[in-house]
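Participant: compute the structure for the input listed below.
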Amino acid sequence: MGTPTTASVDGAGAPAALTLPRLVDGAELLGEFKNSGYREAPQLVRLPNGQLVRLPPLLYIVVKALQEHRGLADGDVAHALDRVAGTVSEEAGARLTAEQIVYLADRKLAPLGVTTYSDGTEPTSVKADPFLALKWRVAVFPESFTWFVGGVFGWLFRPVVLALMLAAFVAGEAWMLTTGSVADALAATILNPVSILLVMGLGVASVAFHEFGHASACRYGGVRPGVMGCGIYLVWPAFYTDITESYRLGRGGRLRADLAGVYFNAIFIVGLALAYHQTGFEPLLVTVLYVNMQMFQQLLPTLRFDGYYIMSDLIGIPDLFKYIGPILRRTLLRRPRDAQLDDLKRWPQIFVTLWVLTVVPVLIFQIGLILSQVPDLVAKDWWMMRRLASEAAHGAGVLELVTSGLQIVLLVLPLAGVALILYGVGRGLVRWAVRYVQGPAPESTPGV
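Facilitator: Presented below is the predicted three-dimensional model:
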């Protein structure tokens, strides 16, 4: 094989020294994405920031060969590249040269943040910005905590226990919602600031227990859950658990991890039913209604709630939102079929198309419905602010003021959420229009 040439120059214009590209520090090769909806199953690499990168088999073979021969980096680089090319050629069943290995590293792998460039330059940190994703995430509990939690509650996924818990959930729901008056409980709770705060506190506890479910499902499936923390989804505070490792599992294991949060909400309701049976305390009945609303919201497939990930893992397509553009262009603008869609198997194509054509109108309807309520929300918010000021001036108690303040916040959040959604959509449309006008950018050589 010929001696590979460098693809970059240093600041003085001289050719930069050729090095053997290597897997970036902290990255991990995960292997095949099991039960995927792609015609050619992608291979997964986990970056140091926890982000997953999907690679076609050939690129994964290149990365694996570079990792296997990393010990040759301090010797003859040309010889090392020849060895890598030989290994890749043998495994891929197609002859590759050292120059092609350098090209694939510099033009395909390093821009994704998977390997270094052939001149030794570290890749720029790649940070994905998925549509409608959780923002400003802050890790609160480390992996050691989620691993411990998974061990404490993992037994709840044993088949016999799971069946008993689901039966208890159905029985508890039926008993509480038929024997107790929800309307009377709501009226009594709303009139008592302490009861409102109690319901909100139990609601937060239910959300935290929901995340324990995701962590426990991962450990039960044999993979390690990541950190647990909080962030902002649109404008609402939200808890999260990093279950990236669930992609090591098959479809059944991933679906168990997705459904585990709602399952733990059901267990929480069983506990509330037992407490209500013993005490008859009406705010517990209101809390059950509140947790049911949380479960319903989580199962919605329109936003990135658990229902979305259930749909995603069911068909083996990690990011459904990225297919909105290609499908709308094909169905509405009658453009030729996009290559992204050709990569999918037939039934996942059909599923994703139906999902997009259903979700887009629903999202538009949801935003339109909230927009139609904006005048009433603004008026109600202004009235409550005036009432809060009046109560404060007349010596209202701390609990009354806190409760009124929380109600105002809950009324403001939908308005801010719509504003941020419209801003994100508008920014995306502007960027698309700019790229369309400017045309494709010329390829640049790394390191120049």
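Participant: and stretch 346-355, what's its mean pLDDT?
Facilitator: Averaging pLDDT along stretch 346-355 gives 87.
Participant: list the buried residues in that stretch.
Facilitator: Buried residues in stretch 346-355, counted by 16 or more other C-beta atoms under 10 Å: Pro348, Gln349, Phe351, Val352, Thr353, Trp355. No exception for glycine: its C-beta is placed from N, CA and C like everyone else's.
Participant: enumerate every residue touching the nearest residue to Phe305 once chain neighbours are set aside.
Facilitator: With sequence-adjacent residues excluded and distances taken as C-beta to C-beta, 6 or more residues apart in numbering, Phe305 is closest to Gln298, at 4.8 Å. Gln298 makes contacts with His210, Gly261, Val262, Asn265, Phe305, Asp306, Gly307, as judged by C-beta atoms under 8 Å, 6 or more residues apart in numbering.
Participant: sitting in helices, which of those residues do you find?
Facilitator: Per DSSP state H, helices hold the following members of the contacts of Gln298: His210, Gly261, Val262, Asn265, Asp306, Gly307.
Participant: Asp106: which of the residues you listed is nearest?
Facilitator: Comparing the ones in helices among the contacts of Gln298 against Asp106 with C-beta to C-beta places Asp306 closest, at 39.6 Å.
Participant: and the pLDDT for the residue lying closest to that closest one once chain neighbours are set aside?
Facilitator: Excluding the flanking residues, the one nearest Asp306 by C-beta to C-beta, 6+ apart is Gln298, at 4.4 Å. On the pLDDT scale, Gln298 is placed at 91.
Participant: same thing with Leu197?
Facilitator: 80.
Participant: likewise Glu391?
Facilitator: For Glu391, the model assigns a pLDDT of 63.
Participant: ditto for Ser144
Facilitator: On pLDDT, Ser144 comes in at 93.
Participant: please enumerate the helices of the stretch 1-150 of the chain.
Facilitator: 57-68, 77-92, 98-104, 143-153 (DSSP state H, counting those that start in this stretch).
Participant: closest one to Tyr290 among those?
Facilitator: It's helix 143-153; of the helices of the stretch 1-150 of the chain, that one is closest to Tyr290 (C-beta to C-beta) at 21.9 Å.
Participant: let's see the closest one as CSV, backbone CA atoms only.
Facilitator: Provided in CSV are the C-alpha atoms of helix 143-153 (Å, rounded to 0.1, in the frame of the first residue of the first chain):
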residue,chain,number,x,y,z
GLU,A,143,-24.8,6.8,39.2
SER,A,144,-24.0,5.1,42.5
PHE,A,145,-27.2,6.4,43.9
THR,A,146,-29.4,5.2,41.0
TRP,A,147,-27.6,1.9,41.1
PHE,A,148,-28.5,1.6,44.8
VAL,A,149,-32.1,2.6,44.1
GLY,A,150,-32.3,0.1,41.3
GLY,A,151,-31.2,-2.6,43.7
VAL,A,152,-33.8,-1.6,46.4
PHE,A,153,-36.8,-1.7,44.0
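Participant: so which elements touch it?
Facilitator: With contacts taken as 3 or more C-beta pairs under 8 Å, 6 or more residues apart in numbering; DSSP states H and E, helix 143-153 sits against helix 193-221, strand 228-233.
Participant: a markdown table for those, including mean neighbour count and distance to Ala433?
Facilitator: A markdown table is the format used below for the helices and strands packed on helix 143-153 (neighbours: other C-beta atoms under 10 Å; distance: least, C-beta to C-beta, whole Å):
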| stretch | mean neighbour count | distance to Ala433 |
| --- | --- | --- |
| helix 193-221 | 21 | 39 |
| strand 228-233 | 18 | 27 |
